[in-house]
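In: Below is the sequence, then the predicted model.
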Amino acid sequence: MHINVRGTRKIISNVSSFTPRYEFPKYSMPLTDFKGHQVKALKTFEKLLPQMNMIIELRDIRAPLSTRNVVFDRIARKEHDVMKLVVYTRKDLMPGNKPYIGKLKNWHEELGEKFILLDCRNKTDVRNLLKILEWQNYELETNGGYLPMGYRALITGMPNVGKSTLINSLRTIFHNQGNMGRKFKKVAKTGAEAGVTRATSEVIRVTSRNTESRNEIYLIDTPGIGVPGRVSDHNRMLGLALCGSVKNNLVDPIFQADYLLYLMNLQNLNDGRTELYPGSTNSPTNDIYDVLRRLQVNKSQNEKSTAIEWTNKWRLHGKGIIFDPEVLLNNDEFSYKNYVNDQLEKLGDLSYEGLSNKLKGNPNQVF
Ligand SMILES: Nc1nc2c(ncn2[C@@H]2O[C@H](COP(=O)(O)OP(=O)(O)OP(=O)(O)O)[C@@H](O)[C@H]2O)c(=O)[nH]1
Ligand SMILES: [Mg+2]
């Protein structure tokens, strides 16, 4: 692997002797958080897909590779007519650098995938998504006529990426247009940890018939689907823990904090001006215990509680951090298409019986 570190010395001139780690150790941890209710949801998806006009797959903009689940590609493979749109969530926490978005554009062009970015809680962003759905609906209606079951979109994605929040926001727009009377309440339960939605929802209406369209638009909320162990690895598990896509108590908080430090030091190669942790620009370190000491505000805090507080802060509000080292390493040989094909190959055939049987043994085993 060739790692391009051009310009490093110039950017961090005052700490020219510091070299970040280019690899992260493989600490002992479970490599998956795949659950029984997710197998059930996958079976439901297969049944629902023929009725769908669009699949919307949500991914976290801070971890575009780790939150890309090839299980969804496998399921959609037979449904060539269903349009797919990738929605990167947490735009509000996105690194503010243009090259990053340029990289994403190139990646998605390689695969012919369409994507948009949004903050699921932001009305303007969510309205823009609604406009896309309305446009697709209009196109279908003009070409094929009336859809008796309405225009239907399945909202999918890994756990905690914002699926239910997005549906609630779309529903709020619908409500504010005066379509739902006074008794409006959130339709989908949301929460800051993985696995809040446990079952596939009934259809949720987000537009009404109007002069332009007779087809109403419906969404279906789904439980987040994790990756089976065979398409996971240590780095991915740590990245998913940092964005909240697996239960965060599954991975030791010190490992998570150390991984965050590893990523921050790599990120500083590209932009050494941001103080990502105390002393990251003037006295960077690869020693997590050193960082935890710098973060401790009083003596009553121990290393573990400091690590939990620090990683939680970045998971929920940390702006500008990227959780996938492949994005930060500037490896000239990295190809998104090859990455996805490699994941599909590792996944092999999706046998629900196989997945269910293995889950009966040990929920966190590698399979
Ligand atoms: N900063 C930020 N937070 C978001 C965004 N979208 C969702 N969240 C937060 O992320 C957390 C998870 O949101 P949910 O909507 O419950 O996620 P989900 O994908 O439905 O999760 P599961 O049902 O567990 O699969 C909540 O605390 C939301 O407030 C976003 O665009 N930006
Ligand atoms: Mg949900």
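Out: That came in fine, so what should we check first? Numbers count the residues shown, from 1 in each chain. Ligands and ions are numbered 1, 2, ... in the order given.

In: and the stretch 1-150 of the chain, which residues reach ligand 1?
Out: 89-90, 92-93, 119-121 (Cβ under 6 Å from any ligand atom). For every residue, glycine as well, the C-beta is placed using N, CA and C.

In: okay, those in a markdown table with secondary structure next?
Out: Formatted as a markdown table, the entries for these read as follows, by DSSP: H, G, I helix; E, B strand; the rest coil:
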| residue | secondary structure |
| --- | --- |
| 89 | strand |
| 90 | coil |
| 92 | helix |
| 93 | helix |
| 119 | coil |
| 120 | coil |
| 121 | coil |
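
In: List only those of those residues flagged as buried.
Out: Using 16 or more other Cβ atoms under 10 Å as the burial test, those include 89-90, 93, 119-121 as buried.

In: In CSV, list these along with pLDDT and distance to ligand 2.
Out: Listed next are these as CSV, based on pLDDT from 0 to 100; distance: Cβ to the ion, whole Å:
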residue, pLDDT, distance to ligand 2
89, 98, 12
90, 97, 15
93, 95, 18
119, 97, 16
120, 97, 11
121, 96, 14
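
In: If you count residues, where's the longest helix of the protein?
Out: If you go by DSSP state H, the chain has its longest helix at helix 123-144.

In: could you give the mean pLDDT of it?
Out: Mean pLDDT, computed over helix 123-144, is 90.

In: Can you name the element that comes right after it?
Out: Per DSSP states H and E, helix 123-144 leads on to strand 151-157 as the next helix or strand towards the C-terminus.

In: Contacts for whichever helix or strand comes after that following strand, please.
Out: The element immediately downstream of strand 151-157 (helix or strand, assigned by DSSP H and E) is helix 163-174. Applying Cβ atoms under 8 Å, 6 or more residues apart in numbering, the set of residues contacting helix 163-174 from outside is 58, 87, 89, 118, 120-123, 126-127, 129-130, 155-157, 180, 184, 186-190, 196-197, 204-208, 219, 221-222, 224.

In: and helix 163-174 with strand 151-157, angle?
Out: Using axes from the mean of the first three to the mean of the last three Cα atoms, to 10 degrees, the direction of helix 163-174 lies 140 degrees away from that of strand 151-157.

In: Okay, buried residues for stretch 199-211 please.
Out: 200-201, 203-207.

In: Which pLDDT value goes with residue 73?
Out: In this model, residue 73 is scored at 88, pLDDT.

In: Name all residues that make contact with it.
Out: With contacts taken as Cβ under 8 Å, 6+ apart, residue 73 has the following neighbours: 340, 344.

In: Give me the distance between it and residue 166.
Out: Distance from residue 73 to residue 166, counting by Cβ to Cβ, to the nearest Å: 21 Å.

In: Residue 350 touches residue 43, doesn't it?
Out: No. Contact between residue 350 and residue 43 fails when scored by Cβ atoms under 8 Å: they sit 10.2 Å apart.

In: Quick check on those two: which one has the bigger neighbour count.
Out: Applying other Cβ atoms under 10 Å to residue 350 and residue 43 shows that residue 350 carries more neighbours, namely 16 against 13.

In: thinking again about what came up before, in helices, which of the buried residues of stretch 199-211 appear?
Out: In helices, defined here by DSSP H, there are no members of those.

In: Tell me the buried residues in stretch 290-304?
Out: Judged by neighbour count (16+ other Cβ under 10 Å), stretch 290-304 contains these buried residues: 291-292, 295, 303.

In: what residues does it touch?
Out: Around stretch 290-304, the neighbours that count as contacts under Cβ under 8 Å, 6+ apart are 253-254, 257, 261, 277-279, 285, 289, 306-307, 309-310.

In: Repeat that for stretch 200-216.
Out: Contacts made with stretch 200-216 from outside it, assessed by Cβ under 8 Å, 6+ apart, are listed as 41, 44-45, 48, 130, 133-134, 137-138, 140-141, 146-147, 150-152, 167, 170-171, 173-174, 177, 179, 187-188, 217-223.

In: check whether it contacts ligand 1.
Out: No. For stretch 200-216 and ligand 1, the contact criterion (Cβ under 6 Å from any ligand atom) is not met; the two come no nearer than 10.3 Å.

In: Run through the residues that contact whatever residue of the stretch 1-150 of the chain ends up closest to ligand 1.
Out: For the stretch 1-150 of the chain, the nearest residue to ligand 1 under the criterion Cβ to the nearest ligand atom is residue 120, separated by 3.4 Å. Contacts for residue 120 (Cβ under 8 Å, 6+ apart) come out as 89-90, 126, 162, 165-166, 169.
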